[in-house]
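Q: give me a model of this one.
(2 chains)
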2 protein chains.
Amino acid sequence: MNLGILGGGQLARMLAMAAHPLNIKCLFLDPAADACAAPMGNLLQAAYDDPASLEHLSNECDRITFEFENVPARALEILEQSVAVAPAAVALRSANDRVVEKNLFHQLGIETAPFAQIDSEQDLLQAAEKIGVPGILKSRHSGYDGKGQAVIRDIQGVEQAWKSIGEVSAIYEGFVPFESEASIIAVRSSKGEIRFYPLVENTHNNGILTLSIPSEDHPLQALAESMVSKLSNELNYVGVIALELFKVGDKLLANEYSPRVHNSGHWTIEGALTSQFENHVRAVCDLPLGDTSAFGPSAMINIVGKLPDIDAILKVPGAHLHLYDKRARTGRKIGHITICCKDRVELKQRIEQVSNLINID
Amino acid sequence: MNLGILGGGQLARMLAMAAHPLNIKCLFLDPAADACAAPMGNLLQAAYDDPASLEHLSNECDRITFEFENVPARALEILEQSVAVAPAAVALRSANDRVVEKNLFHQLGIETAPFAQIDSEQDLLQAAEKIGVPGILKSRHSGYDGKGQAVIRDIQGVEQAWKSIGEVSAIYEGFVPFESEASIIAVRSSKGEIRFYPLVENTHNNGILTLSIPSEDHPLQALAESMVSKLSNELNYVGVIALELFKVGDKLLANEYSPRVHNSGHWTIEGALTSQFENHVRAVCDLPLGDTSAFGPSAMINIVGKLPDIDAILKVPGAHLHLYDKRARTGRKIGHITICCKDRVELKQRIEQVSNLINID
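A: Just a heads-up that it's a prediction; the model follows:
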């Protein structure tokens, strides 16, 4: 079977690694000549919406998926006319429009922070007054790893915030006094079967994920599962989906969802019986879903900006290094480390040990 | 870093899969155009001793290794003159000569079945009389998955056995009334550090491995470790080495060793903290060795001859499918399945479940 993947970054790279043992070959479409997934399959170097390349993909591939939201939904819609695409373009469209996304949550009874659609400075002023400050203004479209966002601490900051995001259509969200950030990753088959990974607690630094720790018997697991179920059933979703959450007391508020494999699920490569990558491939290729249970305590630490001392990392017992073959650059994710341990006490020590070896810049 | 691998079969394929996350790229030398490792790196299609290809490997690669014994030691010796090769050619030479191999065991105090070197029918007759029958005649060189061997059940069978192996230089070994077959896999660094995987109990069918089950706190673990230590220290070995053993009461007899990653270690991909493939790459590339502990109970079942019902396999909880992208053919290993479980009762059930789904031909 041939699987076409729009995007050739590290997520496509890890999808392809999971696909090979199932005898599924990957063909990547990416405008970058140095797309880091390329060594894992064949790279079609072209714009995501290049008609000839889309036709080539459609001819060569039995299934199409995408690795991240920065591919145009229009390309998926074109492909959908001739080949099986999962997740569907509609799931990408909703995820790429913060207003549509939040309205969808609202409509499904999935709790969120208070929000308002913003199309002018006047809208923003009214929203800031109604919802209150502090709050955060986010451009309606795009936005990745904390870009295109502005915090509003008082009403006087409205004008500057509006300008800073480029006076584009946006959403204003009231600040949530959350205790922690979490995510739930699920995989849904074309028959509607859903399986869930354990709720993951996430730590960010400057808007970039740095640490993910899957929980064990989390009291809010069932709530998180019901939230992501509503969403993926509504979208008739096929593949892996990640829902980012804020934990506030015994409540979970939905922040945003990603229609793809997710950084907070990288621990599943070693830490779960079936990785998110393999389960995405299985779902997209109409194969039975795999067991999402965790093996035991584990954690994932991102390598951002620069390469750590490789020897030192490899010496840490139970540490698994994943480098993405990407050039180091400030703020760029170039790899991650999964730590697998026998118990949580040891896990805590290992996280500290590995974190000390990584200099985030 | 670039790693050259002589051989482009499934072992090279899995070595490359382990190498990529360490940003190590693989270049395979294999005469077969359809070498199944090819999608994981670059394939140099040529004879193993093709001078131009060896020069190319030497120029392009920082390190060289090999995936199996059917590569000529001479090719390694040529490469050793200009690039770091591990394991060394000498380890391959000894493994490829059953007489040298058994003499090496004997010299190191590693117990074996009684054996004698055979260069004529007369030698064989004398050996069969001295060591006794039944016994097994094995050609001195080559021999893979039970080929080039003849069982001698009584003295009258000597002539036929000698003819059946082609009247070539050979070894005669007395039959050992073993209770089970086992293997110990170790990895040794260039600094002489050795780590051991748990002793594995193996089941063969027509000379082909079908099932491997790593043990837990096996009473003979220490003995097996001392045997493989003696051997790998003597050879100043670098990389993963597998020693095949017969269990007879509280003794272990060495059968043969493989200077490479081994089929009975495939369970380590999911079942151990660091797989044999990653540890081989680490050792060969002078990186620190990884933790060889098992996660928990696991087993490996080979897929031989024909493809099973993929959907049925993938539905088994905790089953990991590894297909090698090889055309099915009687007696050919085309994949394996690792089963990971919480306890040994469940493991036994799953092994039965998966075995029933696989038809060995």
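
Q: list the beta-bridge partners for the residue nearest to residue A:263 when sequence neighbours are not counted.
A: Closest residue to residue A:263 apart from its sequence neighbours, by Cβ to Cβ, 6 or more residues apart in numbering or on different chains: residue A:209 at 5.0 Å. The C-beta positions use only the backbone N, C-alpha and C, and glycine is treated the same way. Residue A:209 has these beta-bridge partners by DSSP bridges: residue A:204.

Q: tally of neighbours for residue A:209?
A: Using other Cβ atoms under 10 Å in any protein chain shown, residue A:209 is surrounded by 24 other residues.

Q: if I look at it, how far off is chain B?
A: 18 Å (Cβ to the nearest Cβ, to the nearest Å).

Q: residue contacts, that residue?
A: A:202, A:203, A:263, A:264, A:302 (Cβ atoms under 8 Å, 6 or more residues apart in numbering or on different chains).

Q: can you do 6 Å?
A: A:202, A:263, A:302 (Cβ atoms under 6 Å, 6 or more residues apart in numbering or on different chains).

Q: which of the residues you listed lies closest to chain B?
A: residue A:302 (14.2 Å; Cβ to the nearest Cβ).

Q: next SSE downstream of the helix or strand that that closest one is a member of?
A: According to DSSP states H and E, residue A:302 maps onto strand A:298-304. Next in sequence after strand A:298-304, counting helices and strands by DSSP H and E, comes helix A:310-314.

Q: and that next one, what's buried?
A: Buried residues in helix A:310-314, defined by neighbour count with 16 or more other Cβ atoms under 10 Å in any protein chain shown: A:310, A:313, A:314.

Q: how about stretch A:106-122?
A: A:110, A:112, A:113, A:114, A:115, A:116, A:117, A:118.

Q: can I assume the third one is in contact with residue A:173?
A: Yes. Proximity of residue A:113 to residue A:173 meets the contact threshold set by Cβ atoms under 6 Å, at 4.7 Å.

Q: contacts only, for the most centrally placed residue in chain A.
A: Geometric centre of chain A, nearest residue: residue A:262, 3.3 Å, by Cα atoms, centre = their mean. By Cβ under 6 Å, 6+ apart, the contact set of residue A:262 is A:185, A:242.

Q: near chain B, which residues of the stretch 201-350 of chain A show up?
A: A:273, A:287-288, A:291, A:295, A:311, A:314-315, A:317-318, A:322-323, A:325 (Cβ under 6 Å from any Cβ of the partner chain).

Q: for the stretch 1-150 of chain A, which segments count as helices?
A: Under the criterion DSSP state H, counting those that start in this stretch, the stretch 1-150 of chain A contains helices at A:10-19, A:51-60, A:73-80, A:89-95, A:98-107, A:121-131.

Q: can you check which of those helices gets nearest to chain B?
A: helix A:10-19 (6.4 Å).

Q: distance from that closest one to the middle of the chain?
A: 14 Å (Cα atoms, centre = their mean, to the nearest Å).

Q: so that helix versus helix B:10-19, what angle?
A: 150 degrees (axes from the mean of the first three to the mean of the last three Cα atoms, to 10 degrees).

Q: by contact count, what packs against helix A:10-19?
A: strand A:25-30, helix A:276-284 (3 or more Cβ pairs under 6 Å, 6 or more residues apart in numbering or on different chains; DSSP states H and E).

Q: quick one: residue A:151 and residue A:136 touch, right?
A: Yes. Between residue A:151 and residue A:136 there is a contact at 5.4 Å, judged by Cβ under 6 Å.

Q: these two: who's more crowded?
A: Set side by side, residue A:151 and residue A:136 show more neighbours around residue A:136, with 19 against 13, by other Cβ under 10 Å.

Q: Provide the partner residues of the more buried one in its beta bridges.
A: residue A:151, residue A:173.

Q: quick check: end-to-end length of stretch A:72-88?
A: Distance across stretch A:72-88, first residue to last, is 12 Å (Cα to Cα, to the nearest Å).

Q: hmm, who's touching it?
A: Contacts for stretch A:72-88 (Cβ under 6 Å, 6+ apart): A:48-49, A:54, A:58, A:63-65, A:89, A:92-93, A:237-239, A:259, A:284.

Q: what of stretch A:303-318?
A: A:208, A:319, A:321, A:328, A:330, A:333-336, A:339-341, A:353-354, A:357-358, A:360-361, B:273, B:287-288, B:291.

Q: give me the buried subset of those.
A: Buried among these (16+ other Cβ under 10 Å): A:208, A:319, A:321, A:333-336, A:339-341, A:353-354, A:357-358, A:360, B:273, B:287-288, B:291.

Q: the residues you listed in strands, which ones?
A: A:208, A:319, A:321, A:333, A:334, A:335, A:336, A:339, A:340 (DSSP state E).

Q: farthest pair in the residues you listed?
A: A:208 and A:340 (23.1 Å; Cβ to Cβ).

Q: rewinding a little: any chance of a markdown table for the helices of the stretch 1-150 of chain A, columns mean pLDDT?
A: Converted to a markdown table, the helices of the stretch 1-150 of chain A look like this (pLDDT from 0 to 100):
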| stretch | mean pLDDT |
| --- | --- |
| helix A:10-19 | 98 |
| helix A:51-60 | 97 |
| helix A:73-80 | 97 |
| helix A:89-95 | 96 |
| helix A:98-107 | 97 |
| helix A:121-131 | 97 |
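
Q: to residue B:177, which of these lies closest?
A: That would be helix A:10-19 among the helices of the stretch 1-150 of chain A, by Cβ to Cβ, at 44.8 Å.

Q: give me the buried positions along that closest one.
A: A:10, A:11, A:12, A:13, A:14, A:15, A:16, A:17, A:18, A:19.

Q: ok, the third one - contacts?
A: In this structure, residue A:12 makes contact with A:5, A:28, A:37, A:67, judged by Cβ under 6 Å, 6+ apart.

Q: neighbours of the second one, how many?
A: Same thing as residue A:28. 28.

Q: can you check the third one too?
A: Applying other Cβ under 10 Å, we find 27 residues neighbouring residue A:37.

Q: surely it touches residue A:30?
A: No. At 7.4 Å, residue A:37 and residue A:30 do not qualify as touching, with contact defined as Cβ under 6 Å.

Q: give the residues shared as contacts by those two.
A: Contacts common to residue A:37 and residue A:30, judged by Cβ under 6 Å, 6+ apart, are residue A:8.

Q: so the residue lying closest to residue A:130 once chain neighbours are set aside versus residue B:75, what's the distance?
A: Take residue A:130 and drop its neighbours on the chain: the residue closest to it by Cβ to Cβ, 6+ apart is residue A:116, 7.0 Å away. Using Cβ to Cβ, to the nearest Å, residue A:116 is found at 70 Å from residue B:75.

Q: report pLDDT for the residue lying farthest from the centre of chain A.
A: The outermost residue of chain A relative to its centre, with distances by Cα atoms, centre = their mean, is residue A:156 at 33.6 Å. If you check residue A:156, the pLDDT there is 95.

Q: could you check how far it is from residue B:85?
A: Residue A:156 is 70 Å from residue B:85, where distance means Cβ to Cβ.

Q: over to residue A:70?
A: Following Cβ to Cβ, the distance that separates residue A:70 from residue B:85 is 44 Å.

Q: which of the two has more residues huddled nearby?
A: A count of neighbours by other Cβ under 10 Å puts residue B:85 above the other of residue A:70 and residue B:85, at 26 against 14.

Q: tally up the residues packed near the closest residue in space to residue A:16 that isn't next to it in sequence, please.
A: Spatially, and ignoring its direct neighbours in sequence, residue A:16 is nearest to residue A:40 (3.6 Å; Cβ to Cβ, 6+ apart). Neighbours of residue A:40 under the rule other Cβ under 10 Å: 28.
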